[in-house]
Each structure stands twice: as C-alpha cells, then as structure tokens.
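J.: Here is the input, now give the coordinates:
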Amino acid sequence: MSEFGLVPLEDRRSVARHVAMGRLRSVGWNLARTILSAVSVAAITLLLWVAWVAWVDNDFIAKGPADVWAYLVGDEDAGENRAEVLDLLGRTLIDSGIGFTAGMAAAIVLAGLIVLSKGIEAAVMPVAMILRAVPLIAMAPVIILIFGRGFSSVAVISGIVVLFPALVTIVFGLRAVSPQMRDVVHVYGGSDWDALRRVAFPSALPSLFAAIRISVPGAITGALIAEWLATGQGIGYGVVSAAGRSQNTKVWALVVVITVVSLVLYTVAQIVESFVLSRFGKEAGRA
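T.: Numbers count the residues shown, from 1 in each chain. Coordinates of the predicted model:
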C-alpha cells in the first residue's frame, strides 16, 4: 500500500493481468469442451447411422457413410453432385438466415414489451402459443395466400419456428434480474425502459444466447419447411424431389450435409457465447 492507502499502479496492473489470464483460461476450457462435445455428438451419430444401416440391410433404402461419400466425392460425377448440393445448401442457408433474423428480432422486441407491460403479455402470449401449437403444414396455405411464395413466406414460416422458444427463453432471462437492481435504476431517476436496457438485457445475456442456440437449428428446420411447402427451392424441396424420383443416395447426401451444417452452426453459436459471456457476463463481473 502507498502512503495514502492506494494500491500501487504496478500492483493494479499485475491484478489486471491475472484476471485477464483467468478469463482466457476459462474461455479456452469452454472452447475445448464445446468442440469435444460437437465431435462426440458427430461420432455417436455416425456409429448409430452405421449400426442402423447394418440392421436394416436394404441397399436401396438405407445408404451408409460410404455411399454418401461416393456420391459427393468418389464417383465420376461427384463434382456435379457436389455442385448441386452446395447450390441447394446456399439457398437453404439464406432462407435460414432470413427466418433466424425475423424470428429473433421479433422475439427480442416482444420480450422487452412483455416485461414492460402485463397487457402486452396478455395479448401476445396466447397468439404465440397458437402459432406454436398449430402445425405449420396446416397454416402454410394461408401464409402462402397472404404473403406469396417468396421472401415474405420464408420469413414468416421460418420465423414462427424460431419465435416461441426464443421468446419464452428471453422473457425468462429478462425477469430473472433482481428487484434490487431495478430499484437502483429507479432511485437515480431511471424509467422502466432504462432498467430494461441497462440492467435486464445485460443480465439476460445467458438466456439470450440460449435462445440463439435453440434458434439456429430451428431456423434451418423452418427454412426446410418453407422450401418444401412454399418456395420450391433449396434442400427442403430438393429432398422431396429426390425422394419422389427414388434418388435415395441424393436424399441421404442432402440430409447429411444439412445435419452437419446445423451442428457446425450450433457449435459456432456456443463458441461466440463463451467469448461474449467471458467479456460481458457474470464471470466478467458486469452482470
């Protein structure tokens, strides 16, 4: 301690370096666990796939990893097959991005309004539950009739899949903030909106990222449904079209590709979550 009871600058720098190294180690461990988890899921899925193919013992229907590999890499026309699959995948990723953005944006806005107003909650939650409960295949004709078969239908159909689980998760996170923290904002003259913006949303970062992780595969599922029922493009339609032509190897290749992409995107969301929470979450002393 110095003459005036202050911590010397060098000691403060040492503490800061120690804290920073601790955060880096925590992020490193989280990253390693995330990647190990993803690899484990992929390995288990592959083993179950091989076991299922062996149990079915039907070369026409059940295609194994070797068949998919040959279709995409080993056969003479693998280049054409791969180009077609990647083209369909690109369309599906665009559609998924549209649905993810629409669903998450709506969920964040509605969650904030619900936390601010009981009346808005009473109006929004029943509609959200109805949208979740009614099968999309039943609502699709009405959605297509209203919005057409393009961008808008993809946003609505895929967004509906994303909206409800994200909304519930984010609302839970926003309401988890302690009343004492809200009171501090109010004591200093802040409004409910200030408390929501400055306290509730930063504290709800773990719930927000949980909603993102849930929504990533949900958006892909919604995009596949929209492509099947509305747009006639992407992997969603490609699987239906190939199945109708008994192109079973193509069906399996498309399913495997979109499954791998979903796992990769989910893992990326987990990695981003680890970095953000290490910087702004409770571990950083900011929540």
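J.: Can you give me the pLDDT of the residue nearest to Gly173 when sequence neighbours are not counted?
T.: Distances taken as CB to CB, 6 or more residues apart in numbering put Ser207 closest to Gly173, at 2.4 Å, once the chain neighbours are dropped. In short, each C-beta sits where N, CA and C put it, glycine included. In this model, Ser207 is scored at 88, pLDDT.
J.: Surely Ser207 is in contact with Ile170?
T.: Yes - using CB atoms under 8 Å, Ser207 is in contact with Ile170, at 5.8 Å.
J.: circling back to that earlier point, what is the burial count for the residue nearest to Gly173?
T.: Neighbours of Ser207 under the rule other CB atoms under 10 Å: 21.
J.: Point me to the helix or strand that includes it.
T.: helix 205-226 (DSSP states H and E).
J.: Just name whatever secondary elements that helix is in contact with.
T.: In terms of contacts (3 or more CB pairs under 8 Å, 6 or more residues apart in numbering; DSSP states H and E), helix 205-226 is packed against helix 78-116, helix 136-147, helix 151-175, helix 234-244, helix 248-280.
J.: Pull out the buried positions in it.
T.: Residues 205-226 are the ones in helix 205-226 that count as buried (16 or more other CB atoms under 10 Å).
J.: Next: stretch 187-205.
T.: Gly190, Ala195, Leu196, Val199, Ala200, Phe201, Pro202, Ser203, Ala204, Leu205.
J.: would you turn these into a markdown table with distance to Thr249 and secondary structure?
T.: Shown next, in a markdown table, are the buried residues of stretch 187-205 (distance: CB to CB, whole Å; DSSP: H, G, I helix; E, B strand; the rest coil):
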| residue | distance to Thr249 | secondary structure |
| --- | --- | --- |
| Gly190 | 61 | coil |
| Ala195 | 57 | helix |
| Leu196 | 52 | helix |
| Val199 | 54 | helix |
| Ala200 | 51 | helix |
| Phe201 | 48 | helix |
| Pro202 | 49 | helix |
| Ser203 | 50 | helix |
| Ala204 | 45 | coil |
| Leu205 | 44 | helix |
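J.: Determine the three-state secondary structure at Val177.
T.: Taking DSSP: H, G, I helix; E, B strand; the rest coil as the rule, one finds Val177 in the coil state.
J.: Pretty sure Ser203 is one of the things it touches, is it not?
T.: Yes - counting by CB under 8 Å, Ser203 is a contact partner of Val177 at 4.5 Å.
J.: now Leu46: how far from Arg132?
T.: Distance, Leu46 to Arg132, using CB to CB, to the nearest Å: 32 Å.
J.: picking up where we left off before, reformat the helices and strands packed on helix 205-226 as CSV; add mean neighbour count and distance to Val124.
T.: Below are the helices and strands packed on helix 205-226 laid out as CSV (neighbours: other CB atoms under 10 Å; distance: least, CB to CB, whole Å):
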stretch, mean neighbour count, distance to Val124
helix 78-116, 19, 6
helix 136-147, 14, 18
helix 151-175, 23, 8
helix 234-244, 20, 29
helix 248-280, 18, 25
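J.: need these in a markdown table with distance to Asn58 and mean pLDDT, can you?
T.: Below are the helices and strands packed on helix 205-226 laid out as a markdown table (distance: least, CB to CB, whole Å; pLDDT from 0 to 100):
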| stretch | distance to Asn58 | mean pLDDT |
| --- | --- | --- |
| helix 78-116 | 22 | 90 |
| helix 136-147 | 28 | 84 |
| helix 151-175 | 32 | 87 |
| helix 234-244 | 15 | 89 |
| helix 248-280 | 10 | 86 |
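J.: Figure out which of those helices is closest to Val53.
T.: Evaluated with CB to CB, the helices and strands packed on helix 205-226 place helix 248-280 nearest to Val53, the distance being 9.8 Å.
J.: other SSEs contacting the closest one?
T.: With contacts taken as 3+ CB pairs under 8 Å, 6+ apart, helix 248-280 sits against helix 9-56, helix 65-69, helix 78-116, helix 205-226, helix 234-244.
J.: Dump these to TSV, plus distance to Tyr266.
T.: Shown next, in TSV, are the helices and strands packed on helix 248-280 (distance: least, CB to CB, whole Å):
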stretch	distance to Tyr266
helix 9-56	8
helix 65-69	21
helix 78-116	12
helix 205-226	5
helix 234-244	17
